[in-house]
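Colleague: give me a 3D structure for the following:
(chains A and B)
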2 protein chains.
Amino acid sequence: MNEKYCIGADIGGTTIKLAVISTEGDIIKKWEIHTDTSNHGKNITNDINYTINETLEELNIHKESILGIGAGAPGFVDTSTGYINEAINIGWKHFDFGVELKDLTGLPVWVDNDANLAALGENWLGAGRGVQNLIAVTLGTGVGGGIIANGEILNGANGTAAEIGHMTVKTSGGASCNCGRTGCLETETSATAIVRKAYEALAESPDSLLAGFDKITSKDVFEAAHQGDEAAGKVLVEVIDTLGLALANLTVTINPNKIVLGGGVSKAGQQLLDPLKQSFKNYALPRAAEACEFEIAELGNDAGVIGGASLVKQYH
Amino acid sequence: MNEKYCIGADIGGTTIKLAVISTEGDIIKKWEIHTDTSNHGKNITNDINYTINETLEELNIHKESILGIGAGAPGFVDTSTGYINEAINIGWKHFDFGVELKDLTGLPVWVDNDANLAALGENWLGAGRGVQNLIAVTLGTGVGGGIIANGEILNGANGTAAEIGHMTVKTSGGASCNCGRTGCLETETSATAIVRKAYEALAESPDSLLAGFDKITSKDVFEAAHQGDEAAGKVLVEVIDTLGLALANLTVTINPNKIVLGGGVSKAGQQLLDPLKQSFKNYALPRAAEACEFEIAELGNDAGVIGGASLVKQYH
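Modeller: The predicted structure follows:
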């Protein structure tokens, strides 16, 4: 057998997801292990090496058939070396992860941040399959982004390309962001933002259907709006209009073939997409808008490991 | 002699600028011819072929030493084929320029839009020398942009990448733009915008120094502000703050090593740069801002031909 395989690893604060994927895109095995964040995450590299060896043995795949490991971590990564500047949830700071994993496993290693790998995953086997220019947006607790341009991930000068959650969309009166500023896209359009705005709307309109929820989630806000609740509807109009504007401005910058929306908020499907496309159209250069399709992400939690494997496939 | 040369051609509405440049970056000859826009610009390809042949003969350079021609035009270009969708100032519409020039000259031809080539020119021999990630902004009658990411021009899905003049920066009450919308970066921060806003300011403050100019130019507005004129100063504060916001949002998208500012407005130098950097810092993710230096463009009107030659050097 001459078949070659790539390993993807998606390192999160709670679990490390892994997959062995053939260069044809067949997922041979997907599994996960616990993330040991004790001792500043010092055991993680060992744990990854151990579980990979164990799994390859179980699958009866020789290490010579493995082209490499593509790993993602939530943080700022020097992609040329795999050096992690900081990955807060994992406990890493100034950690030479790429080199350590390469030395331990004896395999080539590529590292990038998780949002970029999710974009690459959707670009290989998901909703953004095969396009040369793609913006992937994750609307969850925060707002993450990954950009593929000319078929390659944009990392930029120091790994902050595609940090679209930190586009400034409100120059005054915006909510505080983890980044130390205010009015970021993340503070205005994440699931967290939707919930915050829903509570504000409820305080002004105590009769809103939102009063019926014990602890409001962004899903509840979409549900209430769907049932015709005015307060919930207004929250979504504002959030979606802000998102449409940001995506329009990204579109005259990147001119993507596709924008892929993932994360919890994207589960609203057409209830999100229909008004979003309308706002986008209002704010986007017509010729750029024409070229751009919207899709809901397909790979869910697998996007990261598939993106990791894709990184290996692309650069080995 | 084994020396190889690239030809750059920058096709504008009035003149066609050309240059023969060695692969080392030595400009062997620079010249220009009149742009014959009669008959929908049908003679232009012939004129370019003629002047190139004549010049190579004069320079005693054989065609075998020419790696190709890199040509720029103001409009939407299919860079894979050199097909011009539309270049209004020149009279071209649905014109297979790249193929025609290649057939006539017998040389490989690459075509891109003029703003992208200006970025590439500054990236090769100008203010953005050698960086992998660069945003070039031209602040003139309009606002043009060119982006280099991962060392390559961003063209996007249909040639509208880096059309940053059409970022929406005012969602209501913005001035009308050529693109059919309102509130574009171009309508708020171009030289034209500065002049329009200056006349509005003068109408409100008839005692302003701006009253002393026969026909106000953007240079006059900088001059009046420099002399302490309040109305002129307010115009510039507003314009520069808007530009700083747009560049900050571009910076968390592209994460450039450098932003290079060209065009007439950039001649204001530090009077533009100092407040611009401050606004930029207010709106940009700190880690992305840290990586980014501002520069005034160095190549002036030569940026396009040098960029054209760079295109040949990069892709031949």
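Colleague: list the contacts of residue A:222.
Modeller: Applying Cβ atoms under 8 Å, 6 or more residues apart in numbering or on different chains to residue A:222 gives the contacts A:232, A:236, A:268, A:271-272. In this view, the C-beta of every residue, glycine as well, is placed from N, C-alpha and C.
Colleague: going by neighbour count, which of those comes out on top?
Modeller: Highest neighbour count within these: residue A:232, with 27 neighbours (other Cβ atoms under 10 Å in any protein chain shown).
Colleague: now that one: closest residue in space that isn't a chain neighbour?
Modeller: residue A:224 (3.6 Å; Cβ to Cβ, 6 or more residues apart in numbering or on different chains).
Colleague: let me know the pLDDT of the one you found.
Modeller: pLDDT for residue A:224: 98.
Colleague: packing partners for the helix or strand hosting residue A:135?
Modeller: If you go by DSSP states H and E, residue A:135 is part of strand A:134-139. Applying 3 or more Cβ pairs under 8 Å, 6 or more residues apart in numbering or on different chains; DSSP states H and E, we find strand A:134-139 packed against helix A:114-125, strand A:143-149, helix A:230-254, strand A:258-262.
Colleague: name the strands paired with that strand and say parallel or antiparallel.
Modeller: Strand pairing for strand A:134-139, using DSSP bridges, gives strand A:143-149 (antiparallel), strand A:258-262 (parallel).
Colleague: got the contact list for the last one?
Modeller: Same thing as strand A:258-262. Contacts for strand A:258-262 (Cβ under 8 Å, 6+ apart): A:118-119, A:122, A:126-128, A:131, A:133-139, A:247, A:250-251, A:272-273, A:292-297, A:299-300, A:303.
Colleague: PyMOL command to pick out the buried ones of the residues you listed?
Modeller: Paste this into PyMOL to select the buried members of those, with burial taken from 16 or more other Cβ atoms under 10 Å in any protein chain shown:
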select buried, chain A and resi 118+119+122+126+127+128+131+133+134+135+136+137+138+139+247+250+251+272+273+292+294+295+296+297+299+303
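Colleague: the helices and strands packed on strand A:134-139: which one's closest to residue B:111?
Modeller: In terms of Cβ to Cβ, the element of these nearest to residue B:111 is strand A:143-149, at 19.4 Å.
Colleague: tell me the contacts of residue A:250?
Modeller: Residue A:250 neighbours (Cβ under 8 Å, 6+ apart): A:135, A:164, A:167, A:256, A:259, B:253.
Colleague: which residues touch the second one?
Modeller: If you count contacts by Cβ under 8 Å, 6+ apart, residue A:164 has them with A:135, A:137, A:143-145, A:185, A:246, A:250, B:252-253.
Colleague: tell me who's in contact with the residue nearest to residue A:232.
Modeller: A:208-210, A:213, A:231-232.
Colleague: chain A - how does it break down into domains?
Modeller: A:5-122+A:302-315, A:131-297 (automatic domain parsing).
Colleague: save these as CSV, and put in distance to residue B:95 too.
Modeller: Output for the domains of chain A, formatted as CSV (distance: least, Cβ to Cβ, whole Å):
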stretch, distance to residue B:95
domain A:5-122+A:302-315, 35
domain A:131-297, 17
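Colleague: which one of those domains lies nearest to residue B:199?
Modeller: Using Cβ to Cβ, the nearest of the domains of chain A to residue B:199 is domain A:131-297, at 25.2 Å.
Colleague: residue numbers of the stretch 101-250 of chain A in contact with chain B?
Modeller: Listed as neighbours of chain B in the stretch 101-250 of chain A under the rule Cβ under 8 Å from any Cβ of the partner chain: A:131-133, A:147, A:149-150, A:152, A:154-164, A:166-168, A:171, A:179-181, A:245, A:248-250.
Colleague: tell me which residue is most central in chain A.
Modeller: Among the residues of chain A, the one closest to the centroid is residue A:115, at 3.4 Å (Cα atoms, centre = their mean).
Colleague: who's in contact with the closest residue to that one other than its chain neighbours?
Modeller: The shortest distance from residue A:115 to any non-neighbouring residue, by Cβ to Cβ, 6+ apart, is to residue A:144 (3.8 Å). The neighbours of residue A:144, taking Cβ under 8 Å, 6+ apart as the test, are A:114-115, A:118, A:137-138, A:164-165, A:263.
Colleague: how does it look with 10 Å?
Modeller: By Cβ atoms under 10 Å, 6 or more residues apart in numbering or on different chains, the contact set of residue A:144 is A:74, A:113-116, A:118-119, A:136-138, A:162-165, A:186, A:190, A:262-263.
Colleague: what values do phi and psi take at residue A:32?
Modeller: Backbone torsions of residue A:32, given as degrees, to the nearest 10, read phi -140, psi 150.
Colleague: confidence score at it?
Modeller: Model confidence at residue A:32 (pLDDT) stands at 97.
Colleague: okay, strands next: where are they in chain A?
Modeller: With DSSP state E as the criterion, chain A has strands at A:5-11, A:15-22, A:27-34, A:66-73, A:76-78, A:83-87, A:92-95, A:109-113, A:134-139, A:143-149, A:152-153, A:258-262, A:293-296.
Colleague: partner strands of the second one and their direction?
Modeller: According to DSSP bridges, strand A:15-22 has the following sheet partners: strand A:5-11 (antiparallel), strand A:27-34 (antiparallel).
Colleague: over to the fourth one?
Modeller: Paired with strand A:66-73 in the same sheet, following DSSP bridges, are strand A:5-11 (parallel), strand A:109-113 (parallel).
Colleague: can you redo those strands as CSV with mean pLDDT and mean neighbour count?
Modeller: What follows is these, written out as CSV (pLDDT from 0 to 100; neighbours: other Cβ atoms under 10 Å in any protein chain shown):
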stretch, mean pLDDT, mean neighbour count
strand A:5-11, 98, 27
strand A:109-113, 96, 25
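Colleague: switch these over to TSV; also include distance to residue A:42.
Modeller: As requested, the strands paired with strand A:66-73 are arranged in TSV below (distance: least, Cβ to Cβ, whole Å):
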stretch	distance to residue A:42
strand A:5-11	13
strand A:109-113	17
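Colleague: OK, contacts around residue A:297?
Modeller: Here residue A:297 is in contact with A:118-119, A:121-122, A:126-128, A:136-139, A:260-263, A:266-267, A:303 (Cβ under 10 Å, 6+ apart).
Colleague: identify the residue spatially nearest to it, adjacent ones excluded.
Modeller: In space, residue A:297 is closest to residue A:262, 3.2 Å off (Cβ to Cβ, 6+ apart).
Colleague: and if you look at residue A:247?
Modeller: Counting by Cβ to Cβ, 6+ apart, residue A:247 lies nearest to residue A:280, which is 5.4 Å off, once chain neighbours are set aside.
Colleague: mind listing the helices for the stretch 151-300 of chain A?
Modeller: A:185-189, A:191-204, A:218-226, A:230-254, A:270-283, A:286-290 (DSSP state H, counting those that start in this stretch).
Colleague: now do the first one: distance to the chain's middle.
Modeller: Just to be clear, that refers to helix A:185-189. What separates the centre of helix A:185-189 from the centre of its chain is 15 Å, taken as Cα atoms, centre = their mean, to the nearest Å.
Colleague: list the helices and strands that helix packs on?
Modeller: Here helix A:185-189 touches strand A:134-139, strand A:143-149, helix A:191-204, helix A:230-254, going by 3 or more Cβ pairs under 10 Å, 6 or more residues apart in numbering or on different chains; DSSP states H and E.
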